[in-house]
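Novice: Sequence plus the predicted model coming up.
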Protein chains: 2
Amino acid sequence: MAEQDRSIQSPPTIYDVARAAGVSIASVSRVLNGNRNPRQETRERVLRAVADLGFVPDGAARALSARLKEVVGVVFRRVPWQLTSEGSFAEEDESLQFTDVINRGIEVAAQRQGYNLLVGSVGVDDQDAHRRIMTMARKSDGLILHDRAVHPSRLAQIARQVPVVTLAGIASPVTANVRGDNGAGMTELARHLLLDHGYPTIAYLAGHADSPDNLARREALAREAARARALFADGPRWQGNYYAAGGARVIALLLADKMPLPRAIACANDQTAIGVLHALSRHGIDVPGEVAVTGFDDIPVARHLHPRLTTVRQPIQELGATAFDVLRSMIGSRDRAGREIVLPTTLVLRESCGCTAGGRQ
Amino acid sequence: MAEQDRSIQSPPTIYDVARAAGVSIASVSRVLNGNRNPRQETRERVLRAVADLGFVPDGAARALSARLKEVVGVVFRRVPWQLTSEGSFAEEDESLQFTDVINRGIEVAAQRQGYNLLVGSVGVDDQDAHRRIMTMARKSDGLILHDRAVHPSRLAQIARQVPVVTLAGIASPVTANVRGDNGAGMTELARHLLLDHGYPTIAYLAGHADSPDNLARREALAREAARARALFADGPRWQGNYYAAGGARVIALLLADKMPLPRAIACANDQTAIGVLHALSRHGIDVPGEVAVTGFDDIPVARHLHPRLTTVRQPIQELGATAFDVLRSMIGSRDRAGREIVLPTTLVLRESCGCTAGGRQ
DNA sequence: GCCGCTCAAGTAAGCGCTTACTGGCACAGC
DNA sequence: GCTGTGCCAGTAAGCGCTTACTTGAGCGGC
């Protein structure tokens, strides 16, 4: 009816709708927001006008007035390009997996509540990072921060402006945290390797030293190795960085120095394991025949590797969905800060640990 | 200085800053927006107050007033869960790749201009999709729509509200489009298979029938096959859906019906090829010995498959970055609508086409 | 028949910014 | 000494919504 074909015009406002329906803007707003007040006939007139004009309220105006943006910010850490060209691993690409699956989970949960995701990444040595994150904070109702997205010392400052939920961190008095059960997951995996397979020597190929997840995984493995009286290797030579290139480099250096390899290598995460698998295969070392390799996370590619990767599954999407739910409950009340939510993990036995292909999948 | 430790308070406003600095809010705004007007001493007083209070302007207020949100919306299509459990393919996971790499490209480009990404997904038979997309449109300055994110008939309606750039679509009078060079890419690949390898029979395992990219790829392959006098197979039996499960199903049905396989199968994209590879391997058919298989896109996992996948590389990140740049140029002027931007592709020879491992990588 | 109550719909005050316009002051030119 | 010219900084008018408050009509009770 009042259709307009020319494209270069600004969208209709609530005033246009009110005029078309012959009512005040307050009535339009009330109809649109489900207020019981307007009577049937008025409601219909308004709805018809809305449909005719194709009216959709402006997000900024709505947010300003209602003090609610219905947007949550998500910040993750990007890998710089210059570090990416080690071997054949384009880290930027590989690292997509874990983060993006979580984001998918956040998005699905957010959508159900009418929220949208504002995503932003920060580089490793990004001078501008803090300012950009603050900008995102002010464009949203709350922030979800991925592992090491911001330095812990900045957390309090951000949390003062908006509710904050961290992933793979530790809860602080002003922020909540959501993570998988690293301890239980790694314990189960360690016992499988040490007891079921009986491997006498085992190494932990670490992730970032400042990652709480990394520390928890290492600790669980060390404890189980000690209990099983197995030889446990870690330390500087076994320091990776959560990416394939890091894992590959550790193996390459070890081999170059003619160091003996342990019977089993538990990697801090799946991406590290990808690098290890490639490095070993390049040197003709059989997995799992000579060395067993395991990951952590169960990212989608894990099942496409050769051999298929034994790992600890984290409920990745659910991690994201939970982070959103917690954040949502903090918005407008902020009373859940300080909470620590831990989701259960599952051991996924495939081939790389030495199990036969038929193992639990 | 004016530091506050209690967390439950609302962020400072421009009024707080003005009061602290002893100036009007207009001066604060001018200092913050780089207006040359304020003199040095005033500027310093304001900046000190801003730092003391940790002031960051509210995005909604800024957007409403400046008529610019500095947010671009990105919409992609989600695969419904119920279609995902075919074989061992969690489509939801696999399909992350292409879309997410593009999004990464968009984000990096956007960030440079101070923009953020608002991401949203729509389900296949999502009744609510149009409303949600409109909401996103009104929360951003423009929209980037992934392949088949919205039905073409809705495009004009959306484009009337905000500038729109589509990916892998076709430009319309009111929208711009960015895509890889399907024709050239597939032509190069086809010639390699038909002429270099001399395969006498070849099939096209199609993607979604309503995808322009799919049609362009099919057409190029058909043309080259005809020119090389090779037998070209396509049609309903070869209808996939861009996902691994689709590719696997096509192969499974063909084999179940005892149909002879062509010497080479060119898949609509890499994900389809993943499914084909798995299905063939499950039936003990050697790739590339008995059947050569190729993909399109060169998503990150392509190099981790066995055999490593020969494919046509699209500059995925760049596709995203370009989409943003085009959109940006439309915001506030909308004069680039109707443009079609085509980015070059590269043939990536690995093993699955029959080349030896040392081929161009 | 007047009072008070209920319910629908209008009026207007913000929400926190940007920016056009206005005012005041210092200085130059006549 | 007065007006013209710049500069700065303040005043106030929105941006497009939501919502508290106000108005007014309809109506039952005494």
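Specialist: Right, received. Where do you want to start? Numbering: from 1, shown residues only, chains lettered A, B, ... in the order given.
Novice: which parts of stretch A:297-308 are buried?
Specialist: Using 16 or more other C-beta atoms under 10 Å in any protein chain shown as the test for burial, stretch A:297-308 gives A:297, A:298, A:299, A:300, A:301, A:302, A:303, A:304, A:305, A:307, A:308. Glycine gets a C-beta too; all of them are placed from N, C-alpha and C.
Novice: Endpoints of that stretch, how far apart?
Specialist: Using C-alpha to C-alpha, to the nearest Å, one end of stretch A:297-308 lies 14 Å from the other.
Novice: Quick one: mean pLDDT for the helix or strand where residue A:165 lies?
Specialist: Element membership of residue A:165, judged by DSSP states H and E, is strand A:164-167. Mean per-residue pLDDT for strand A:164-167: 96.
Novice: From the rest of the structure, what touches it?
Specialist: When contacts are defined by C-beta atoms under 8 Å, 6 or more residues apart in numbering or on different chains, strand A:164-167 is touched by residues A:102, A:142-147, A:155, A:158, A:174-179, A:319-320, A:323, A:326-327, A:330.
Novice: Now do it: distance to the chain's middle.
Specialist: Centroid displacement of strand A:164-167 relative to its chain, using C-alpha atoms, centre = their mean, to the nearest Å, is 10 Å.
Novice: pLDDT at the residue of the stretch 251-361 of chain A found nearest DNA strand C, what is it?
Specialist: Ranked by C-beta to the nearest atom of the strand, the top residue of the stretch 251-361 of chain A for proximity to DNA strand C is residue A:332, at 14.1 Å. In this model, residue A:332 is scored at 83, pLDDT.
Novice: Tell me if stretch A:244-259 is near chain B.
Specialist: No: judged by C-beta under 8 Å from any C-beta of the partner chain, stretch A:244-259 and chain B are separated, with a smallest distance of 9.7 Å.
Novice: Then stretch A:18-25?
Specialist: No: using C-beta under 8 Å from any C-beta, we find that stretch A:18-25 stays clear of chain B, coming within 15.6 Å at best.
Novice: Say whether DNA strand C is contacted by that stretch.
Specialist: Yes: Stretch A:18-25 lies within reach of DNA strand C by C-beta under 7 Å from any atom of the strand, at A:22, A:23, A:24, A:25.
Novice: What lies in contact with that stretch?
Specialist: Stretch A:18-25 has contacts (C-beta under 8 Å, 6+ apart) with A:2, A:14-15, A:17, A:27-28, A:42, A:45-46, A:48-49, A:52-53.
Novice: So for it, what gets flagged as buried?
Specialist: Those would be A:18, A:19, A:20, A:21, A:23, for stretch A:18-25 by 16+ other C-beta under 10 Å.
Novice: For residue B:57, see how far away the closest residue to chain B within the stretch 101-250 of chain A is.
Specialist: Chain B sits closest to residue A:139 of the stretch 101-250 of chain A, with a gap of 3.5 Å, by C-beta to the nearest C-beta. With distances taken as C-beta to C-beta, to the nearest Å, residue A:139 is found 10 Å from residue B:57.
Novice: follow-up on the earlier one: sitting in helices, which of the buried residues of stretch A:18-25 do you find?
Specialist: A:18, A:19, A:20, A:21 (DSSP state H).
Novice: Out of those residues, flag the one nearest to residue A:33.
Specialist: In terms of C-beta to C-beta, no member of those lies closer to residue A:33 than residue A:18, at 14.3 Å.
Novice: Kindly report the domain assignment for chain A.
Specialist: Domain ranges of chain A: A:14-57, A:71-180+A:316-343, A:182-314, per automatic domain parsing.
Novice: follow-up on the earlier one: save the contacts of stretch A:18-25 as TSV, and put in secondary structure, distance to DNA strand D and pLDDT too.
Specialist: Converted to TSV, those look like this (DSSP: H, G, I helix; E, B strand; the rest coil; distance: C-beta to the nearest atom of the strand, whole Å; pLDDT from 0 to 100):
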residue	secondary structure	distance to DNA strand D	pLDDT
A:2	coil	16	38
A:14	helix	3	97
A:15	helix	6	97
A:17	helix	8	96
A:27	helix	8	94
A:28	helix	7	95
A:42	helix	13	90
A:45	helix	16	93
A:46	helix	11	95
A:48	helix	17	96
A:49	helix	12	96
A:52	helix	15	95
A:53	helix	10	95
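Novice: Skipping adjacent residues, who's closest to residue A:220 in space?
Specialist: Residue nearest to residue A:220 in three dimensions, not counting chain neighbours: residue A:186, with 3.8 Å by C-beta to C-beta, 6 or more residues apart in numbering or on different chains.
Novice: tell me which strands and helices the helix or strand where the one you found lies is in contact with?
Specialist: Taking DSSP H and E as the definition, residue A:186 sits inside helix A:182-191. On a contact count with 3 or more C-beta pairs under 8 Å, 6 or more residues apart in numbering or on different chains; DSSP states H and E, helix A:182-191 meets helix A:212-227, strand A:264-267, strand A:311-313, strand A:346-348.
Novice: so which of the ones you listed is the most packed in?
Specialist: Of all these, strand A:264-267 has the most neighbours on average by mean count of other C-beta atoms under 10 Å in any protein chain shown, namely a mean of 30.
Novice: which outside residues touch it?
Specialist: By C-beta under 8 Å, 6+ apart, the list of residues contacting strand A:264-267 reads A:186, A:189-190, A:193, A:197, A:199, A:201-205, A:217, A:221, A:240, A:247, A:273, A:276, A:291-296, A:353.
Novice: if you set the cut-off to 6 Å instead, what comes out?
Specialist: Contacts to strand A:264-267, defined as C-beta atoms under 6 Å, 6 or more residues apart in numbering or on different chains, come from residues A:193, A:199, A:202-205, A:221, A:273, A:276, A:292-295.
Novice: Quick one: name the residues of chain A near DNA strand C.
Specialist: Counting by C-beta under 7 Å from any atom of the strand, chain A sits next to DNA strand C at A:22-27, A:36-39, A:41-42, A:64-65, A:67.
Novice: Listing partners with orientation, what would you give for the helix or strand following the helix holding residue A:186?
Specialist: Using DSSP H and E, the helix or strand that follows helix A:182-191 towards the C-terminus is strand A:201-205. Here strand A:201-205 has these sheet partners by DSSP bridges: strand A:231-233 (parallel), strand A:264-267 (parallel).
Novice: export those strands to CSV and tack on mean pLDDT?
Specialist: Listed next are those as CSV, based on pLDDT from 0 to 100:
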stretch, mean pLDDT
strand A:231-233, 97
strand A:264-267, 98
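Novice: DNA strand D is nearest to which of those?
Specialist: For DNA strand D, the closest of the strands paired with strand A:201-205 is strand A:264-267, at 50.3 Å, according to C-beta to the nearest atom of the strand.
Novice: can you dump the C-alpha coordinates of whichever helix or strand comes after the closest one into CSV?
Specialist: Sequence order places helix A:270-282 as the next helix or strand after strand A:264-267, per DSSP H and E. Output in CSV follows, covering the C-alpha atoms of helix A:270-282 (Å, rounded to 0.1, in the frame of the first residue of the first chain):
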residue,chain,number,x,y,z
ASP,A,270,43.6,-31.1,19.9
GLN,A,271,45.3,-28.4,17.8
THR,A,272,48.6,-29.2,19.5
ALA,A,273,48.1,-32.8,18.8
ILE,A,274,47.5,-32.1,15.1
GLY,A,275,51.0,-30.6,15.0
VAL,A,276,52.5,-33.5,16.9
LEU,A,277,50.9,-36.0,14.6
HIS,A,278,52.3,-34.3,11.5
ALA,A,279,55.7,-33.9,13.0
LEU,A,280,55.9,-37.5,13.9
SER,A,281,54.6,-38.7,10.6
ARG,A,282,57.2,-36.6,8.8
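Novice: How far off centre is helix A:270-282?
Specialist: Remark: helix A:270-282 is offset 22 Å from the chain centroid, using C-alpha atoms, centre = their mean.
Novice: So which bits of that helix are buried?
Specialist: Buried-residue list, helix A:270-282, by 16+ other C-beta under 10 Å: A:270, A:271, A:272, A:273, A:274, A:275, A:276, A:277, A:278, A:279, A:280.
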